[in-house]
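*Asks:* fold the following and give me the result.
(one chain, ligands or ions: 1)
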Amino acid sequence: MEHATIDRPAGTAADWTISQRWNRYTAAEHAMWDHLFERQAKMLPGRVASEFLDGLDVLRMTKPGIPDFDELSERLMKATGWQVVAVPGLIPDDVFFDHLANRRFVSGNFIRTPEQLDYLQEPDIFHDVFGHVPLLANPIFADYMQAYGIGGQRAANGGVIEKLSRLYWYTVEFGLIRGSADDLKIYGAGIVSSYGESLFALDDPSPNRLGFEVRRLMRTKYRIDDYQQNYFVIDSFEDLLRQTLETDFGPIYAELADAPDIEIETILPTDKVYTNGTQAYARAKAAA
Ligand SMILES: [Fe+2]
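*Replies:* So this is what the prediction gives:
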């Protein structure tokens, strides 16, 4: 996603977009997409938010393999007015926010190699497109993503952007949602695009699972190198959008300016606790 201080590479447009160059993908790269797609599409029913499954058809292209962004954008445009554009990996915060505010989702154009099947450091096109695009076909979530982009444009300084990026992290990337039977479902792109974390986030006793609360979440650190130790659970996408739109972030930032960060594994007396995690997974990794 975004990054603050980098130079625009040669060959990118002023808004940092590049051509996807769909015709350059090899048969092996298309096969990698198909493999990952089938594996996730098979395991996700029953685990993922119904809104994500409803949006999955938008990815079933007329050609097999990696989706062609032109065709994908045409479909998404009809559904919710969003497009998908290719960028060369990391882009500056202001460019990222500007794209979201204008209903353009930015995606890398490379796909992982067989050696990176279950672990890669930089998000690839499978993470970006399979993970993020199905929910962009949902009108409520589509509005939430745009609202986030507009919120980012308003957030002028770095300290505030860090708090805002935690909102993105704990919702768009690693969010959980209450299902219709009061069970938990996954919806964050970092989870749904990962076979291992799709299991871990719901089934493992290790991580905390806590109720979503904007101020609390904006103070909470997160980890980027392994499965999360903490997930926040929203009641519904309507509620997420409402809390984001109705909340004037200005006073929240002022209120949180001097509030200390909350360590990842901490549970507060005010938290709504779905799971008081053992943290066994993270401790075993730390000890290894
Ligand atoms: Fe992502």
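
*Asks:* check contacts around Asn109.
*Replies:* Going by C-beta atoms under 8 Å, 6 or more residues apart in numbering, Asn109 touches Ile18, Gln20, Arg21, Ala86, Ile125. Every residue, glycine included, has its C-beta placed from N, CA and C.

*Asks:* so how do I select the buried members of those in PyMOL?
*Replies:* The PyMOL selection below is limited to those of these classed as buried (16 or more other C-beta atoms under 10 Å):
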select buried, resi 20+86+125
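
*Asks:* closest to Lys63 among the contacts of Asn109?
*Replies:* The closest of the contacts of Asn109 to Lys63 turns out to be Gln20 (C-beta to C-beta; 13.3 Å).

*Asks:* just to revisit the earlier point, format the contacts of Asn109 as TSV; extra columns: pLDDT and secondary structure.
*Replies:* TSV is the format used below for those (pLDDT from 0 to 100; DSSP: H, G, I helix; E, B strand; the rest coil):
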residue	pLDDT	secondary structure
Ile18	94	strand
Gln20	95	coil
Arg21	94	coil
Ala86	97	strand
Ile125	97	helix
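
*Asks:* okay, the contacts of Asn109 in CSV with distance to Met43 next?
*Replies:* Below are the contacts of Asn109 laid out as CSV (distance: C-beta to C-beta, whole Å):
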residue, distance to Met43
Ile18, 32
Gln20, 27
Arg21, 31
Ala86, 28
Ile125, 20
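
*Asks:* farthest-separated two in the contacts of Asn109?
*Replies:* Spanning the widest gap among the contacts of Asn109 are Ile18 and Ile125, at 12.6 Å by C-beta to C-beta.

*Asks:* now the helices for the stretch 1-150 of the chain?
*Replies:* For the stretch 1-150 of the chain, the helices defined by DSSP state H, counting those that start in this stretch cover 27-43, 50-56, 69-80, 93-101, 125, 132-136, 139-154.

*Asks:* gap between the third one and the chain center?
*Replies:* Using C-alpha atoms, centre = their mean, to the nearest Å, the mean C-alpha position of helix 69-80 is found 19 Å from that of the whole chain.

*Asks:* next: stretch 47-55.
*Replies:* In this view, stretch 47-55 has its centroid 14 Å away from the chain centroid, taken as C-alpha atoms, centre = their mean.

*Asks:* quick one: buried residues of it?
*Replies:* Counting neighbours by 16+ other C-beta under 10 Å, stretch 47-55 gives Arg47, Val48, Ala49, Glu51, Phe52, Leu53, Gly55 as buried.

*Asks:* Throw those into a markdown table and include pLDDT and distance to Pro251, thanks.
*Replies:* Converted to a markdown table, these look like this (pLDDT from 0 to 100; distance: C-beta to C-beta, whole Å):
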| residue | pLDDT | distance to Pro251 |
| --- | --- | --- |
| Arg47 | 97 | 37 |
| Val48 | 98 | 35 |
| Ala49 | 97 | 30 |
| Glu51 | 96 | 30 |
| Phe52 | 97 | 33 |
| Leu53 | 96 | 37 |
| Gly55 | 96 | 34 |
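
*Asks:* check these against Gly11 and report the nearest one.
*Replies:* For those, the residue nearest Gly11 by C-beta to C-beta is Gly55; the value is 31.8 Å.

*Asks:* who's in contact with that closest one?
*Replies:* Gly55 is in contact with Ala79, Val133, Pro134, Leu135, Leu136, Ala137, Asn138, counting by C-beta under 8 Å, 6+ apart.

*Asks:* residue boundaries of the strands in the protein?
*Replies:* Secondary structure of the chain (DSSP state E): strands located at 83-86, 104-107, 176-178, 184-186, 208-211, 230-234, 273-275.

*Asks:* what pairs with the longest one, parallel or antiparallel?
*Replies:* In this case it means strand 230-234. When pairs are called by DSSP bridges, strand 230-234 turns out to pair with strand 176-178 (parallel), strand 208-211 (parallel).

*Asks:* let me know which of those is tucked in deepest.
*Replies:* Comparing those by mean neighbour count (mean count of other C-beta atoms under 10 Å), strand 176-178 ranks first with a mean of 23.
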